[in-house]
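Visitor: give the three-dimensional model of this entry:
(4 chains)
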Protein chains: 4
Amino acid sequence: MATPEETDLPVSLSDYERRAEGKLDSKAWAYFSGGGADEITLRRNRERLDRLTLMPRVLRGGPGCHLRLRLFGRDYAHPIFVAPLAHQKMAHVEGEIGTARGAGAQKAGMVLSMQASVSMEDAAAASPTCRWFQLYFQPLRAATLQLIRRAEAAGFELLMVTVDAPVNGVRNREHRAGFQWDGDVIPENLQNLPTAPLKPLPEGASIVLDHFMAMAPTWGDVEWLLGQTKLPIVLKGILSADDADQAIALGIHGIAVSNHGGRTLDTLPATIDVMSEISSVVDGRVPLLFDGGVRRGTDILKAMALGASAVMVGRPIIYGLSVAGALGVSHVLRLLREEFEIAMALTGCRTLSDIGPHLIRR
Amino acid sequence: MATPEETDLPVSLSDYERRAEGKLDSKAWAYFSGGGADEITLRRNRERLDRLTLMPRVLRGGPGCHLRLRLFGRDYAHPIFVAPLAHQKMAHVEGEIGTARGAGAQKAGMVLSMQASVSMEDAAAASPTCRWFQLYFQPLRAATLQLIRRAEAAGFELLMVTVDAPVNGVRNREHRAGFQWDGDVIPENLQNLPTAPLKPLPEGASIVLDHFMAMAPTWGDVEWLLGQTKLPIVLKGILSADDADQAIALGIHGIAVSNHGGRTLDTLPATIDVMSEISSVVDGRVPLLFDGGVRRGTDILKAMALGASAVMVGRPIIYGLSVAGALGVSHVLRLLREEFEIAMALTGCRTLSDIGPHLIRR
Amino acid sequence: MATPEETDLPVSLSDYERRAEGKLDSKAWAYFSGGGADEITLRRNRERLDRLTLMPRVLRGGPGCHLRLRLFGRDYAHPIFVAPLAHQKMAHVEGEIGTARGAGAQKAGMVLSMQASVSMEDAAAASPTCRWFQLYFQPLRAATLQLIRRAEAAGFELLMVTVDAPVNGVRNREHRAGFQWDGDVIPENLQNLPTAPLKPLPEGASIVLDHFMAMAPTWGDVEWLLGQTKLPIVLKGILSADDADQAIALGIHGIAVSNHGGRTLDTLPATIDVMSEISSVVDGRVPLLFDGGVRRGTDILKAMALGASAVMVGRPIIYGLSVAGALGVSHVLRLLREEFEIAMALTGCRTLSDIGPHLIRR
Amino acid sequence: MATPEETDLPVSLSDYERRAEGKLDSKAWAYFSGGGADEITLRRNRERLDRLTLMPRVLRGGPGCHLRLRLFGRDYAHPIFVAPLAHQKMAHVEGEIGTARGAGAQKAGMVLSMQASVSMEDAAAASPTCRWFQLYFQPLRAATLQLIRRAEAAGFELLMVTVDAPVNGVRNREHRAGFQWDGDVIPENLQNLPTAPLKPLPEGASIVLDHFMAMAPTWGDVEWLLGQTKLPIVLKGILSADDADQAIALGIHGIAVSNHGGRTLDTLPATIDVMSEISSVVDGRVPLLFDGGVRRGTDILKAMALGASAVMVGRPIIYGLSVAGALGVSHVLRLLREEFEIAMALTGCRTLSDIGPHLIRR
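Guide: Residues are numbered from 1 along each chain as shown, chains lettered A, B, ... in the order given. Below you'll find the model as predicted:
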């Protein structure tokens, strides 16, 4: 499909990655592309997807093929979502506005990060598909509530609560690159939140255990949150089937199976490796979202074959944004969607309902 | 066996590959050598053959060893066939005529591609071993029939219908190389076929799903085809034992187990990995052909040990053709046959009937 | 946590390793960093830890997290110990004094090597946490006893007896680097020990079998030793569950599961690979210590999940010492402790008692 | 053990390999070091030995350790033998005489190749340990008999008959190097043997099948051979337990488990991979010899743990010979023996009878 004039165009998501590395300054590159510690989980996310083997079926042609799905009461053109990604103005001056426009152009649902560098109202206004809001529990419940009320007012339709990062991972790549927050990129939605007074830690206390863990959320906080809003709530960052079961027992509406893109604890399993067991425990009670290394249409097919209702794409969106703003985001999503359609066609899947574990070779 | 004067001669198929890379322009090289997406299946075809381990038996000498076989009612000197390969004039000015002559010189059966760059009549005339014709279902049945009638008239004795490519794979290597069809290399046998009028797709429709998949063939088309000709029909591109079973239930005469040389969907299994299970389901009802990474005589032995009646060789033929025309094709086939004889000798197989799963180490 | 001014600081133990390689002369580097023969076990120690996969649990926040433990009747702030390492003045002029001070600063227990390059009294005086003494059985029991009495008098509280090195491993890296003992670095604690007269070996005798093995210790020597002191005795260098069982039957107080850092026999298992089976046989009867490739906080969590009560860190201590003396040792231990705290937090472990085999993915 | 003056000395067999590569001309190097086709089996021999894991036992010191064994009615100082290797004058002017002297100096048994470049009488005279003679069945039984009578007369005490090479492997490395026989290196022992008149092959016949396989030996030839001599006969080149069983049923006296150093059929199993199953079928009825990648003392221990009575070393002997003649051979054998002693000591084996499958970790 590439014409000779087009040969400088990226033709795959990995092409965007290479170009983004050349475009971003080394600190932003380290921040966006890096993972925890030795980046074993980061690489594992890809390796395990690559190793998974698809079984094709033939001679299933004919009209009527499509990618549509219904999720949390809404219709979507396809199951490819933009993952929540912080501080996008570090990647491109358009920031989350560019991403929202690119996603909108491809009819892709978008999750806005609480740590966005634009206001949630502006992001929501930029695209009708930017309707999910990601947040962390704040040290003060009042602050958490204030974020939720504002998201509700801005028209967001779902809350995605990240629960896998009570402390940061060991981000050695960032450390080595000398990464620090750019003063010009401000987490707009965290301004003017109520904060608790800082208590100094006693001599010899541990920042990790006595500060971050001491104020980290619990299942009780999840229970409280469920009573505060009518929006569906998805917990993001679950890898354990027991945690998934506990979340559903509490009434949670969806689960995002994720290892935070390999950015928290190193040597966690690849996300794809736990999909089967979580899906088997959840057994259709709530939708499962998947992220963790999606770079190819075949990856989407694999995640869905193992139980995901939809997938979220993270870093490639940032790479598209870095390279060409909204247009880059849109192209990344278009490439991925077209690859996914080809993967459907070549495995004989006519609609998403044809996707199942039989596609994966044991 | 190499004399010092001969040391510049290729001594293995990989030598031909290296030489062909130097000989072909980068776009043709990308087209012929490339695979789908990240080329995982392309590499896997080789890796899994390499990893498979042969068990030798000793002290089986004596006269009477040979490689002969009977297949679809004909006798063949050996089980090495030339796979259907499109557009061979892009590799060498002799195109499929050169390949047919090289194959004929080695008494190797040849499958002519529907997309050959010479007419099927000329190819058939070039060698008495060029007697199998490969085709795709055409959008119009009239077009498919026209191809078949012409092949019958030209003396072809078998039809091989490729069923694993309703759409192209994600050929990123070609895209990056800026590959496009050379205006001088024309698919001779597709000229003047009846075509359906092109209906413009509605806004937002998918080329893959609403165009290609919509007109892609079905099992019903296979059933129809079986009623149109007396030639034996082989379906090419089956990896699933269920598809193989369904094909045989419909009355198909043979199956070519193939992943299209890793050129369609990436992360499909290596062909050799599915041979056992397909062979076990087929259980001798029809002959199985094998392709997918054959580069060594031991590969042929392995495929046959796991159930293939014969193997097809693809890219190495193109490499031989690129390097030295008909002579190169002939030398490639001679090397492969001699290696296969050595593999037979060193595993104690005296004829093809001695080959069986006991040769493969579990 | 790194500020831009700090970016030249090592941020992980592997950074210390790279810096130490630049700092040490090539012979000392070969001595400290090298392993036996082809260094397969050396690499395997790391590879198997890296490959082991941790399962996280979420939403376990709240105050009260800590790393404290009780071991051999004493309280420790955390389970990270300094392994016995010989000849530390070859790494830095401060030698074991620097190491003791660095360990003390981080409240880390330290095992002093019998082959220390400072006197055991000076080491004990340098830090209240330097209270374990490592020794080898001497050819003469009188010599062994003399070492023990001196250690008791110096305030050491535990004896760690290395039993896995009756002969040296095949240290090819040292041989190739031309390593030999530096005349200025003297094993202070081995001066003036009683020695047996050297009997010349008969013609054709084997140094390994007729000299070293002939005088190597036996289980009988362990039994004898247990009757000579009231200090708890730990056997270091056990990989076989049967040996562990035999040691406990004799009354030993603890076991250090170790392959001597890959420095003795090559192709031994990674230490982490035998932890489960030893732990299962020992079944809590005595504490297990672990060494063998600890470079990350996650490694500590893994060793403890599989049954270790505490871990010992070897080469990274030397690397820290080489780079910056006591300060380097202290920083290495601080990095490791902080990484371990993060690993605890991100797997939902609030105290060491939450650690167990459920953290390891099967 | 290396002193600084010795640091240019090879300290391991791999050092000899590197040096030999520099010393031999490229054709001889290709001949001696190369394997069949893609050299997968050649590498596999090493990889599988490296991957095999040894379990140590501790505290087994004391006098009385040794390596002695009794084999085919003779006493040997240790179980390390020199494998039969052809054309050694291509490696060094001393040829097999140098090898015999080096082997003698280390009390190592030596197998003289039928294709030696010195006469078998001279080789036998060069060392009392050169007492095994390797041969291939000759096309004429009279020729085979003549070789045997001459070997008997020269004092050889055992015949090792190679049965795994009715044809040569696909030696691409040799082909590419332009290797051919050096006219000055003559297979002394094959001069003046009776030969059958050469029958020209018919047009289109296969050299492999119609010439080499047609005259290749059979089990009947083995039966005949057993009736012709009182010397014990060892079949070399058996990998299949069924072949081993058949050989013993015929009355053969020993089996050399071997894949011909990876020089015949590529993708055969590593020799070490079949030891267990052959040993289990043979069940002590005859001694098993092992070759295939022995480069370390631990390799010897592994082969014996899985059932070998002794091992043969091939290429490293040639490398030692290339580098320093008899002295190099002797040093190679000394290094290997010392490494083996260390491996014995560090796994707690006091004599060869302590070696068993319990040393290998499952």
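Visitor: excluding chain neighbours, what is closest to the residue in chain A positioned nearest to chain C?
Guide: Residue nearest to chain C within chain A: residue A:216 (2.6 Å; C-beta to the nearest C-beta). No exception for glycine: its C-beta is placed from N, CA and C like everyone else's. Counting by C-beta to C-beta, 6 or more residues apart in numbering or on different chains, residue A:216 lies nearest to residue C:61, which is 2.6 Å off, once chain neighbours are set aside.
Visitor: now for that neighbour: which residues touch it?
Guide: Going by C-beta atoms under 8 Å, 6 or more residues apart in numbering or on different chains, residue C:61 touches A:166, A:213-218.
Visitor: chain B: which of these is nearest?
Guide: Out of the contacts of residue C:61, the member with the shortest distance to chain B (by C-beta to the nearest C-beta) is residue A:166, at 35.5 Å.
Visitor: and the closest one, what does it touch?
Guide: Taking C-beta under 8 Å, 6+ apart as the definition of contact, the neighbours of residue A:166 are A:212-213, A:216-217, C:61, C:345-346.
Visitor: and the closest residue in space to it that isn't next to it in sequence, what element?
Guide: If you skip the residues right next to it in sequence, residue A:166 has residue A:216 as its closest partner in space, 3.4 Å away by C-beta to C-beta, 6+ apart. Counting by DSSP states H and E, no helix or strand carries residue A:216.
Visitor: what's the burial count for residue A:216?
Guide: Here the count is done by other C-beta atoms under 10 Å in any protein chain shown, and residue A:216 has 24 residues near it.
Visitor: doesn't residue A:159 lie inside a strand?
Guide: Yes - when DSSP: H, G, I helix; E, B strand; the rest coil is applied, residue A:159 is found to be in a strand.
Visitor: follow-up on the earlier one: my guess is the residue nearest to residue A:166 meets residue C:62, correct?
Guide: Yes - with the criterion set as C-beta atoms under 8 Å, residue A:216 and residue C:62 qualify as a contacting pair; they are 7.1 Å apart.
Visitor: measure residue A:32 to residue A:320 for me?
Guide: Here the criterion is C-beta to C-beta, to the nearest Å. By it, residue A:32 lies 12 Å from residue A:320.
Visitor: ok, now residue A:137?
Guide: On the measure of C-beta to C-beta, residue A:137 and residue A:320 end up 30 Å apart.
Visitor: and the two? Which one has more around it.
Guide: When neighbours are counted by other C-beta under 10 Å, residue A:320 comes out ahead of the other of residue A:137 and residue A:320, with 33 against 23.
Visitor: now name the helix or strand holding the more buried one.
Guide: helix A:315-346.
Visitor: next, give phi and psi for the residue nearest the centre of chain A.
Guide: Taking C-alpha atoms, centre = their mean as the criterion, residue A:83 is the residue nearest the geometric centre of chain A, at 2.8 Å. The phi and psi values for residue A:83, taken as degrees, to the nearest 10, are phi -70, psi 160.
Visitor: so what's the residue nearest to residue A:302 when sequence neighbours are not counted up against?
Guide: In space, and not counting its chain neighbours, residue A:302 is closest to residue A:52: 5.0 Å by C-beta to C-beta, 6+ apart. With contact taken as C-beta under 8 Å, 6+ apart, residue A:52 is in contact with A:272, A:302, A:360, B:267.
Visitor: please spell out the PyMOL selection for the buried subset of these.
Guide: Command for PyMOL that selects the buried part of those, burial taken from 16 or more other C-beta atoms under 10 Å in any protein chain shown:
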select buried, (chain A and resi 272+302+360) or (chain B and resi 267)
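Visitor: which of the contacts of residue A:52 sits closest to chain D?
Guide: Checking these against chain D with C-beta to the nearest C-beta, the nearest one is residue B:267 at 23.9 Å.
Visitor: wait, what's in contact with that closest one?
Guide: The contact partners of residue B:267, by C-beta under 8 Å, 6+ apart, come to A:50, A:52-54, A:298, A:302, B:37, B:40-41.
Visitor: confirm it sits in a helix?
Guide: No - according to three-state DSSP, the state of residue B:267 is coil, so it is not within a helix.
Visitor: what's the pLDDT at the residue of the stretch 1-150 of chain A found nearest chain B?
Guide: Scanning the stretch 1-150 of chain A for the residue nearest chain B gives residue A:61, at 2.6 Å (criterion: C-beta to the nearest C-beta). Residue A:61 is assigned a predicted lDDT (pLDDT) of 97.
Visitor: check the one 10 residues further on too.
Guide: Model confidence at residue A:71, given as pLDDT, is 98.
Visitor: and for residue A:199?
Guide: Note on residue A:199: pLDDT of 82.
Visitor: what is the neighbour count of it?
Guide: When neighbours are counted by other C-beta under 10 Å, residue A:199 registers 9.
Visitor: what about it, which helix or strand?
Guide: Residue A:199 belongs to no helix or strand when assigned by DSSP H and E.
Visitor: need phi/psi at the spatially closest residue to residue A:313 that is not a sequence neighbour.
Guide: The spatially closest residue to residue A:313, leaving aside those adjacent along the chain, is residue A:294, at 5.1 Å (C-beta to C-beta, 6+ apart). Here the main-chain torsion angles of residue A:294 (degrees, to the nearest 10) amount to phi -70, psi 120.
Visitor: let me see the contact set for residue A:296.
Guide: A:12-13, A:49, A:336, A:339, A:343, B:37-38, B:170, B:266.
Visitor: let's go with 7 Å and repeat that
Guide: A:339, B:37 (C-beta atoms under 7 Å, 6 or more residues apart in numbering or on different chains).
Visitor: what mean pLDDT does stretch A:339-358 get?
Guide: When pLDDT is averaged along stretch A:339-358, the result is 98.
Visitor: now swap in stretch A:251-263 and tell me
Guide: The predicted model gives stretch A:251-263 an average pLDDT of 98.
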